[in-house]
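Visitor: return atomic coordinates for the entry below.
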Amino acid sequence: KNNRPTMAPVPDDRDDEKDQVCEETRRLESVLPKAGALVFDCDGTLLDTMPLYYDSWKRACDEVGLDFPIERFYAFAGRPVADIFQTLIDEQLGGGDGKAKAEESDGEGRTAVAITAEHCEEVKRRHHADIEAEGRVAGRIDAVVDVALRHRGRIPLAVASSGWRDHVLKGLDRAGILDLFDAVVTACDEEVRDPKPAPDIFVVAARRLGVRPEDCVGFEDADLGMESLRGAGYMHACDVRKMWMYPRNVERRASEGG
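Guide: As a prediction, this is how the structure comes out:
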C-alpha cells in the first residue's frame, strides 16, 4: 500500500516545509470544527515509538527463535502483543495448542524451553526495559500532537491504544502530554472485549468521553486501526501516515534528497 501523502498545490514562495499542506490535513481541518471529541491511537500516532518497538521485538524474537521481519511488524500494527506472538508461534513453531518447544538462548548456550505467547511477552518487556535503560525514548509526533494541543480544553480528548497500559501511560507522561487526555483506553481494559480491528476500543473511548462515536474524529497509523475506526462509526478517520510532516515521510524525503 502506498501511503505517500498527496500534496495540494501551494504558492511558490512558501519555502518552509512545515507550511506544506497535504490532502489528509485539508480533509481533517474541514471536519474538526464539527467534532465533539478527538480520539488518538498512541504508538506511531502520538508518539514515534515504532522504531524503538521494532528493536525490542527483534531482540525478543531472536532470543526465542521466531522470525519477524519489519514488514510484518508494520502490517501487525494495532494488534495486542500477545496476539502477535501467538500468531508467530502457530506459524513457525507448530503451536496449535498455544504452546511450542524451541531452543532459547540464555547467553551461554541454548536450552529447550516451552514457548508461549505469555513467555515471549515477558521476554519483550525485558528487552524494552533494556532499550529504555540505554536512554532511548520515543518523542512526540508533532503533526498529530499539535492537533491535540489546539483542542485541549475545548472538546474531550482520549487515547485508544493496543499497547501495554503501563507503557502507554509512561510514554505519554515522558513526552509531557499525558495531561492532555480525559481518558486512556487500552486493549487490556475489561470493557474492550475484542482488540483492533474490532471497533470495541474506539467505542469504549467515545463512551468514556460521553460523546457519540459518530461525533468523534479518530487518528490512526495502522490499517487495522483504520478498520477499527470505521467499524466504530466515527465521523472521520485520519490516517496520520499520509500527513506531510509524519516522521516516515520526512525521513523518506530526506533520503530522496527532496
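Visitor: did I read that right, Leu38 in a strand?
Guide: Yes. With DSSP: H, G, I helix; E, B strand; the rest coil as the criterion, Leu38 is part of a strand.
Visitor: for Asp90, see how far away it is.
Guide: 37 Å (CB to CB, to the nearest Å). All C-beta spots, glycine's among them, are computed from the backbone N, C-alpha and C.
Visitor: give me the more crowded residue out of these two.
Guide: Leu38 (27 against 15; other CB atoms under 10 Å).
Visitor: beta partners for the more buried one?
Guide: Leu157, Val217 (DSSP bridges).
Visitor: what about stretch 67-76, how long is it end to end?
Guide: 14 Å (CA to CA, to the nearest Å).
Visitor: please apply the same query to stretch 212-229.
Guide: Start-to-end, stretch 212-229 (CA to CA) is 13 Å.
Visitor: list the buried residues in that stretch.
Guide: Under the neighbour-count criterion of 16 or more other CB atoms under 10 Å, stretch 212-229 has 213, 215-229 buried.
Visitor: among those, which are in helices?
Guide: Asp223, Leu224, Gly225, Met226, Glu227, Ser228, Leu229 (DSSP state H).
Visitor: quick one: low-confidence parts of this protein?
Guide: 1-19, 95-113, 258 (pLDDT under 70).
Visitor: how about the helices in it?
Guide: Under DSSP H, the chain gives helices at 23-31, 50-64, 70-75, 81-92, 117-133, 142-151, 165-174, 200-209, 223-232, 247-255.
Visitor: could you work out the most separated pair of the buried residues of stretch 212-229?
Guide: Greatest spatial distance in those: Asp215 and Asp223, 24.2 Å, computed using CB to CB.
Visitor: of the helices of the chain, which stretch is the most buried?
Guide: For these, the largest average neighbour count (mean count of other CB atoms under 10 Å) is found in helix 200-209, namely a mean of 24.
Visitor: distance of Asp41 relative to Phe202?
Guide: With CB to CB as the criterion, Asp41 and Phe202 are 9 Å apart.
Visitor: need the residues touching each of the two.
Guide: With contacts taken as CB atoms under 8 Å, 6 or more residues apart in numbering, Asp41 and Phe202 have Ala160, Gly218 as neighbours in common.
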